[in-house]
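Participant: Whatever this is, show me its structure:
(chains A and B)
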Amino acid sequence: MTPILETRELTKLYGVVIGVNDMTFDIRPGVHGLLGPNGAGKSTLLKLMTAQLRPSVGSIRVLGEDPWSNPELFRRIGFCPEYDAFYDFMTAFEFVESLGRLSGMSRSGAKQAAERALESCNATEFMHRPIRTYSKGMRQRTKVAQALVHDPELLILDEPLTGTDPIGRHELTELIKRLGAEGRSIVVSSHVLHEVQEMTHEFLLIFGGRILASGNVHEIRSLMNEFPHRINVRCGPGQAHLLASRLASDAAVTDLELADDGTIVVGTRDPAGFYARFAEHALHAKVTVHELSSEDDNLEAVFRYLTGAR
Amino acid sequence: MFAVAQLHLRQMFAGSRRWLLLVCMAIPLPILTLIRTQGEFRSPVEEQVQTSVFLYAIYALALPALASMLYGTSIIGAEVQNQTLTYLFTRPIARWRVLMGKYLANVGILVALTTLSLTIGWAIVGAVSAQNLAAIAVATVFATATYNAVFALLGSIFTRRALIAGLAYLGVSEIALAWAPTFGRNFTAQYHMRSIAFELSDLEGMLRSELRALVSEVTTPVAVASVLSLCAVALIATCWITTSREFALTDDP
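Facilitator: Residues are numbered from 1 along each chain as shown, chains lettered A, B, ... in the order given. Below you'll find the model as predicted:
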């Protein structure tokens, strides 16, 4: 099966700044999350995939072809850019229909395809209103619809959930899951782990222009587990030391710290085991737990660990 | 390419741009009305010459240059500034076709509107013969096509400062250089268009010698070939730049 994306020593320089640094990897068909903090190189990689940029060194192939100066390839690719740009004087329907026509469709074919694409993005309700009156969520859905209008086999979505409200996010997530389930390949970028985790379990972690890790969510979680986690526990007044002495006996705990505000900061290499036994500890210590949190659950923590490990 | 042209036409007539275009085309009409009602001419020949020169200056010189600067530079420049270029360049259509579709739409609509305004202006001033009107119209078509090509080129090079580059080009090349009696004027569009308009008109023998020397030292075929060459070179260069260049729509990385 041809990979949807192949890179070999792919490097993109902006003057002396490196956008993408010596990437070599393949992505098989399916839904893939491209994860990394802002400035990691995600958008640069997507721009290289969509021939907006040309590699400085190395090569990139999308659906088995070099994308640069290859407009025919865009019959098979739909791209949703990150920036909030439109022909604002149009309605969503006119916008998507116009771009359908640029994809080589007849007028009537483009009308039907635009209607279909907007319907699949739950945008029919507002599609005949001018885009300039839209909320951020409506604009995001319109952008995804234009990427879908010509029914591409590969969908490239750059931060599609940015700025959407919870309902809009849920709808877009469901749409992307559905498109993936229909057999379409999707590369979706984000800097928020849990956003992408709802859409796919296959990730590519990118940081500083390099691929840090790739694989499914379990592999990435296990990568996380190789490094100590910090878990914050806040309990009732004067109860922290009771719980702390109990937690100290847990095999999963590597170190403990009692902060000035009474919060217990727990270090562990086995967060799953710790969480499984935590309720029992709290019960035995007879303390009221107000908050149990960990900054290490977010993507930034994963990157901090991975980059720190290098 | 037709779909690109249609999209571009919609952009031209969207929002304030529509009014800007209509104002551009309407401005000459009150000026010409003033000439008709207030102008004092010593003879019918002088009236014929002066009103023809006025019409030429407005419709084959000022209007195509200004309208082309506003709309020619925006062919690529506005798409970059609005970050909408991505939508055009991630479609199964060659970049040079996108450019040509937008260019042809620009030239078509500007020629149509300028010719309409010229015809109304001609009806207002009255004294200009049909032959002179046709000569001015031909020069207008050449001017619009050439200036749009040149300004599209400037727009593709100076995407975010295209208007400034366009103004600089107009000032240096089409005003200063084109009117200076030096060899350099051969490289301007204006000089050759003056020659084309004069050769096609019936003003031979009516112009004073100093004005005659300014308008025509080249034959019509040479003038036509020169203007077409400038237009073709500008278009080919724009297509090449558009096809080979990366357009940074955001401040990467």
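Participant: who in chain A is up against chain B?
Facilitator: Residues of chain A lying close to chain B by CB under 8 Å from any CB of the partner chain are A:14, A:17-19, A:39, A:41, A:43-44, A:47, A:50-54, A:69, A:71-75, A:77, A:79, A:81-83, A:85-87, A:89-90, A:98-99, A:101-104, A:146, A:150, A:209. Glycine gets a C-beta too; all of them are placed from N, C-alpha and C.
Participant: Would you agree A:V188 falls within a strand?
Facilitator: Yes - assessed with DSSP: H, G, I helix; E, B strand; the rest coil, A:V188 lies in a strand.
Participant: how about the nearest residue to it, chain neighbours excluded?
Facilitator: If you skip the residues right next to it in sequence, A:V188 has A:L157 as its closest partner in space, 4.4 Å away by CB to CB, 6 or more residues apart in numbering or on different chains.
Participant: Mind checking which of the residues of chain A next to chain B are in helices?
Facilitator: Per DSSP state H, helices hold the following members of these: A:43-44, A:47, A:98-99, A:101-102, A:146.
Participant: Mind putting those residues into a markdown table with neighbour count?
Facilitator: Conversion of those to a markdown table gives the following (neighbours: other CB atoms under 10 Å in any protein chain shown):
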| residue | neighbour count |
| --- | --- |
| A:S43 | 25 |
| A:T44 | 23 |
| A:K47 | 28 |
| A:S98 | 22 |
| A:L99 | 27 |
| A:R101 | 25 |
| A:L102 | 27 |
| A:Q146 | 29 |
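Participant: Now the two most distant members of those.
Facilitator: The span of these, defined through CB to CB, is set by A:T44 and A:R101 at 29.7 Å.
Participant: Okay, strands next: where are they in the stretch 51-200 of chain A?
Facilitator: Secondary structure of the stretch 51-200 of chain A (DSSP state E, counting those that start in this stretch): strands located at A:57-62, A:77-80, A:154-158, A:185-190.
Participant: Using PyMOL, make a named selection holding only the buried ones among the residues of chain A next to chain B.
Facilitator: Of those, the buried ones go into a single PyMOL selection, burial set by 16 or more other CB atoms under 10 Å in any protein chain shown:
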select buried, chain A and resi 14+18+19+41+43+44+47+50+51+52+53+54+71+73+74+77+79+81+82+83+85+86+87+89+90+98+99+101+102+103+104+146+150+209
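Participant: Skip the chain neighbours and tell me the closest residue to B:L61.
Facilitator: Spatial nearest neighbour of B:L61, excluding adjacent residues (CB to CB, 6+ apart): B:Q190 at 6.7 Å.
Participant: Restricting to C-alpha, output the helix or strand hosting the one you found in PDB.
Facilitator: Counting by DSSP states H and E, the element that carries B:Q190 is helix B:189-200. Written as PDB, here are the backbone C-alpha positions of helix B:189-200 (Å, rounded to 0.1, in the frame of the first residue of the first chain):
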ATOM      1  CA  ALA B 189       4.500  51.700 -22.900                       C
ATOM      2  CA  GLN B 190       3.300  55.300 -22.900                       C
ATOM      3  CA  TYR B 191       5.500  56.500 -25.700                       C
ATOM      4  CA  HIS B 192       4.500  53.800 -28.100                       C
ATOM      5  CA  MET B 193       0.800  54.100 -27.300                       C
ATOM      6  CA  ARG B 194       1.000  57.800 -28.100                       C
ATOM      7  CA  SER B 195       2.500  56.900 -31.400                       C
ATOM      8  CA  ILE B 196      -0.200  54.300 -32.100                       C
ATOM      9  CA  ALA B 197      -3.000  56.700 -31.200                       C
ATOM     10  CA  PHE B 198      -1.500  59.500 -33.300                       C
ATOM     11  CA  GLU B 199      -0.900  57.300 -36.400                       C
ATOM     12  CA  LEU B 200      -4.500  56.000 -36.300                       C
END
